[in-house]
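Asker: I would like to see how this sequence folds:
(2 chains, ligands or ions: 2)
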Protein chains: 2
Amino acid sequence: DTTADVDPGEAADFLRRCYAENPKFGPVGPRLAVVAAQLAATGTYTHTPDELAYGAKLAWRNASRCIGRLYWRSLVVLDRRRAHTADDIFSLLVTHLRIAGGHRPIGDGRIGEATRPGHIRPVISIFAPAVPGRPYARVHNEQLIRYAGHDSAGGVVGDPRYVEFTARMRAYGWQSTGAPYEVLPLAIETPAEGVRLYRLPADAVLEVPIRHPEYDWFAELELRWHAVPAIANMRLTVGGVHYPLAPFSGWYMGTEIGARNLADADRYNLLPEVARRLDLDTTRESTLWRDRALVELNRAVLWSFESAGVRIADHHTESDRFLRHLANEERVGRPTPADWTWIVPPMSGGLTGVFHRYYDEADQRPNFYLDEEAR
Amino acid sequence: DTTADVDPGEAADFLRRCYAENPKFGPVGPRLAVVAAQLAATGTYTHTPDELAYGAKLAWRNASRCIGRLYWRSLVVLDRRRAHTADDIFSLLVTHLRIAGGHRPIGDGRIGEATRPGHIRPVISIFAPAVPGRPYARVHNEQLIRYAGHDSAGGVVGDPRYVEFTARMRAYGWQSTGAPYEVLPLAIETPAEGVRLYRLPADAVLEVPIRHPEYDWFAELELRWHAVPAIANMRLTVGGVHYPLAPFSGWYMGTEIGARNLADADRYNLLPEVARRLDLDTTRESTLWRDRALVELNRAVLWSFESAGVRIADHHTESDRFLRHLANEERVGRPTPADWTWIVPPMSGGLTGVFHRYYDEADQRPNFYLDEEAR
Ligand code: HEM
Ligand code: HEM
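Answerer: Numbers count the residues shown, from 1 in each chain, chains lettered A, B, ... in the order given. Ligands and ions are numbered 1, 2, ... in the order given. Model prediction:
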């Protein structure tokens, strides 16, 4: 509940863990006293930048659905708590995407770090916390970059998942071209300004056209996907403080694109077309034409990203990394909560090491929550 | 606990459900009184053949890991409660396999039903229940038909999963040929006779050589698999009565063979060899060579069974059937407990309808239990 006072127990638990895992932060005792006083006086408290950064890393480490947690320490945390206007928020989200995509060095204008488009880095931008009893800014988009979808006589053009969202954006006045891979505007809502729409600049949206290493006709399908998956609608909760706007992004695991976004029957649904081009026998399921088309689509995704120099990982590699993460955590005596149904990839599950074991399922905080679930 | 008295509440629950779902069984009241008296006098009670048969069907209907439950009503139930010697048990298990494989009509010698090898039918053979405080007969094999595995200098020959079991069988005096697909003997233990080994007759073990619809070299791999998966080590629990020996069998879903038994790294581990024959680039995971070899291996399994006239189902078809089962059960107001992690197939999970939903997870009885888990 983002409207209630901060739970003092959760605050203290977080601070103890945070300081215990970071001796350089100093002793936790004095800090606990300060926070207790702040909680008593205001019902909430303010994280130091170090606490906030480590809290975000812990939230990632605790994200039980995420297979990509090996690199949790390397999360780039952008402290954006002072931004309140839609214009400021938009400009900082653009910076997020540029940094995440490798376009610009971290720290505006810092010298010595080269621009490397495609060198995807895990990034989170943390905006102002929810203050008990007060409205807060948020982004209506599920992800910062997603493609519009439009109902048409011949079926949906674009991403069927966003037909309703697209219609809402048009109702707000967004002018759409109706193209199948048209990036949606950002819908930023602030208490003072209501909902405002923003178009992302081209250099903030790294995209990869999908081709196949062997089949030239694949390019004719004119598929593409964006390089940075940036979830924008989950609430970050650290030590009892809720950050309703805290978009985070990593790099893609290929199957998210090739086995879900482009393949799901209620998304781009491309397997029948790929199978047709491959001339597969689609009259019976037992020819496994779906499975064969799926593999070729996923090969194409991985190969196209790799060829374009855009970081991506296949599911075998991410599975191995996650098993290393589990071993690391076990070595330091920490349980790793994980949700089997999300960790195991949506294709060739049995081929991955993550399939062949069980996991702890605890809900550990800090963490990320979908507001529908958590309220 | 198979050594304790039958739980009267579980007995009554089962009988009420059994009679409620089967009006032709008559009113449950008198039956409840009889059973209560039997429980008070002996600590257990005896199922009528009808109760036993329906109880076994309910156990299948409640098997939350099983995707094949659409046909739960069609289970052929063989009531073998009077068999006690190892010889009798063996002979009835052979009959089970023959009936399950379509080799022989149901009911020994009944006229008018043709022998149709490959026409796999779901069958369960239910042997004597555990009597509180007394030892009982059981089969040591995990499945009635499985292949031996032997450690050798060049790695395991046969099925690595059964290396230990194979060694035990050899210690009991079993003479093995050391071939890679050699059917293990049945190890039947009775309280009076101890452990006795039996060799299955050839006509009880339907097998299919694996070839590929396009790649002729596939036959050179000399792969084969048996047609009937018959789990022998799970305890059937019906209305509080435990049946420690109640082997059951259906037909295979192709992925059980092609994506697990023949593919798992700790089973026959055939993907590297298949990939080599397909001339795939195995230097990097992101070529998805494993996934491509997996699809071809599974195509081969399905095609070989189909060509041999042996019933098998692909994972798309079984997924659709399970969704129909869910709809059927919902229509009559019954929850269908299901374990997502077992229901979703080990390959192309995201392509199946069963992937894209959640399930009830209750443990409903009657059911099947692995003795290690349940004791
Ligand atoms: C660095 C590369 C990363 C990879 C390869 C990765 C991989 C994945 C994958 C495959 C999923 C499942 C997505 C789905 O099936 O819809 C997932 C979910 C998730 N990841 Fe990661 N991830 C990465 C970075 C991050 C970062 C930086 C964070 C947060 C700081 C994060 C937090 C989460 C959360 C909260 C979920 C669950 C989302 C939900 O419930 O919808 N991940 N991740
Ligand atoms: C008719 C065709 C059938 C099909 C296609 C089918 C399919 C499956 C599959 C794919 C599994 C998962 C196996 C694994 O991953 O190891 C499974 C598990 C199971 N099935 Fe079925 N099944 C069938 C018949 C039956 C029958 C006749 C019964 C009992 C009367 C049954 C009871 C179970 C049980 C108890 C499990 C869980 C086994 C365990 O925990 O290891 N199934 N089934």
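Asker: pull the number of nearby residues for the closest residue to residue A:97 other than its chain neighbours.
Answerer: In space, and not counting its chain neighbours, residue A:97 is closest to residue A:204: 4.2 Å by C-beta to C-beta, 6 or more residues apart in numbering or on different chains. The C-beta positions use only the backbone N, C-alpha and C, and glycine is treated the same way. By the measure other C-beta atoms under 10 Å in any protein chain shown, the count of residues near residue A:204 is 21.
Asker: got a list of what residue A:204 touches?
Answerer: Counting by C-beta atoms under 8 Å, 6 or more residues apart in numbering or on different chains, residue A:204 makes contact with A:94, A:97, A:98, A:101, A:103.
Asker: what's the pLDDT at the residue of the stretch 1-150 of chain A found nearest ligand 1?
Answerer: Ranking the residues of the stretch 1-150 of chain A by distance to ligand 1 (C-beta to the nearest ligand atom) places residue A:68 first, at 2.5 Å. Note on residue A:68: pLDDT of 98.
Asker: surely it meets residue A:321?
Answerer: Yes - counting by C-beta atoms under 8 Å, residue A:321 is a contact partner of residue A:68 at 7.4 Å.
Asker: who touches both of these two?
Answerer: residue A:313.
Asker: contact residues of the stretch 151-300 of chain A facing chain B?
Answerer: Within reach of chain B by C-beta under 8 Å from any C-beta of the partner chain, the stretch 151-300 of chain A has these residues: A:254-255, A:259-260, A:263-264, A:271, A:285-288, A:290-292, A:294-295, A:298-299.
Asker: just checking, which of those residues belong to strands?
Answerer: Using DSSP state E, no member of these falls in strands.
Asker: please see if stretch A:219-226 touches ligand 1.
Answerer: No - if you take C-beta under 6 Å from any ligand atom as the test, stretch A:219-226 misses ligand 1, and the best it gets is 14.0 Å.
Asker: mind listing what's buried along that stretch?
Answerer: A:221, A:223, A:225, A:226 (16 or more other C-beta atoms under 10 Å in any protein chain shown).
Asker: need the phi and psi values for whatever residue of chain A ends up closest to ligand 2.
Answerer: The minimum distance from chain A to ligand 2, using C-beta to the nearest ligand atom, falls at residue A:350 (9.0 Å). Backbone torsions for residue A:350, taken as degrees, to the nearest 10, come to phi -60, psi -20.
Asker: surely it and residue B:346 touch.
Answerer: Yes - using C-beta under 8 Å, residue A:350 is in contact with residue B:346, at 3.0 Å.
Asker: who's more crowded, those two?
Answerer: Higher neighbour count among residue A:350 and residue B:346: residue B:346, with 24 against 19, using other C-beta under 10 Å.
Asker: please enumerate the helices of chain A.
Answerer: A:8-21, A:29-42, A:49-61, A:86-100, A:163-171, A:254-255, A:271-277, A:289-307, A:315-331, A:340-343, A:371-374 (DSSP state H).
Asker: so which bits of stretch A:335-348 are buried?
Answerer: Neighbour-count burial for stretch A:335-348 [16+ other C-beta under 10 Å]: A:336, A:337, A:338, A:340, A:343, A:344, A:345, A:346, A:347, A:348.
Asker: just give me the neighbour total for the nearest residue to residue A:74 once chain neighbours are set aside.
Answerer: Closest residue to residue A:74 apart from its sequence neighbours, by C-beta to C-beta, 6+ apart: residue A:122 at 6.2 Å. Look at residue A:122: counted by other C-beta under 10 Å, it has 20 neighbours.
Asker: list the contacts of residue A:122.
Answerer: A:60, A:68, A:71, A:74, A:75, A:76, A:100, A:248, A:249, A:250, A:251.
Asker: now list the buried members of these.
Answerer: Buried among the contacts of residue A:122 by 16+ other C-beta under 10 Å: A:60, A:68, A:75, A:76, A:100, A:248, A:249, A:250, A:251.
Asker: strands - which of those land there?
Answerer: A:76, A:248, A:249.
Asker: how about the buried residues of stretch A:335-348 in JSON lines, adding distance to residue A:86?
Answerer: Shown next, in JSON lines, are those (distance: C-beta to C-beta, whole Å):
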{"residue": "A:336", "distance to residue A:86": "38"}
{"residue": "A:337", "distance to residue A:86": "36"}
{"residue": "A:338", "distance to residue A:86": "37"}
{"residue": "A:340", "distance to residue A:86": "40"}
{"residue": "A:343", "distance to residue A:86": "36"}
{"residue": "A:344", "distance to residue A:86": "39"}
{"residue": "A:345", "distance to residue A:86": "37"}
{"residue": "A:346", "distance to residue A:86": "36"}
{"residue": "A:347", "distance to residue A:86": "40"}
{"residue": "A:348", "distance to residue A:86": "43"}
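Asker: which residues are in contact with residue A:167?
Answerer: Going by C-beta under 8 Å, 6+ apart, the list of residues near residue A:167 is empty.
Asker: residue A:119: neighbour count?
Answerer: 15.
Asker: show the pLDDT at the residue lying closest to it once chain neighbours are set aside.
Answerer: By the measure of C-beta to C-beta, 6+ apart, the closest residue to residue A:119 outside its immediate chain neighbours is residue A:102, 3.4 Å from it. As predicted, residue A:102 sits at a pLDDT of 93.
Asker: from what I can see residue A:102 touches residue A:117, true?
Answerer: Yes - Residue A:102 is in contact with residue A:117 according to C-beta under 8 Å; the separation is 5.3 Å.
Asker: rewinding a little: could the buried residues of stretch A:219-226 go into JSON lines alongside distance to residue B:189 and pLDDT?
Answerer: What follows is the buried residues of stretch A:219-226, written out as JSON lines (distance: C-beta to C-beta, whole Å; pLDDT from 0 to 100):
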{"residue": "A:221", "distance to residue B:189": "61", "pLDDT": "98"}
{"residue": "A:223", "distance to residue B:189": "60", "pLDDT": "98"}
{"residue": "A:225", "distance to residue B:189": "58", "pLDDT": "98"}
{"residue": "A:226", "distance to residue B:189": "62", "pLDDT": "98"}
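Asker: quick one: which two of the residues you listed are the most distant?
Answerer: A:221 and A:226 (16.8 Å; C-beta to C-beta).
Asker: the nearest residue to residue A:144 once chain neighbours are set aside and residue A:124: what is the separation?
Answerer: Distances taken as C-beta to C-beta, 6+ apart put residue A:230 closest to residue A:144, at 3.9 Å, once the chain neighbours are dropped. For residue A:230, the distance to residue A:124 equals 9 Å [C-beta to C-beta, to the nearest Å].
Asker: neighbour count winner among these two?
Answerer: Comparing residue A:230 with residue A:124 by other C-beta under 10 Å, the one with more neighbours is residue A:124, at 28 against 24.
Asker: the closest residue to that one other than its chain neighbours bridge partners, please.
Answerer: Of all residues not flanking residue A:124 in the chain, residue A:248 sits nearest, at 4.0 Å (C-beta to C-beta, 6+ apart). Residue A:248 has the following beta-bridge partners by DSSP bridges: residue A:124, residue A:231.
Asker: coming back round to it: what touches both of residue A:102 and residue A:117?
Answerer: Joint contacts of residue A:102 and residue A:117 (C-beta under 8 Å, 6+ apart) are residue A:206.
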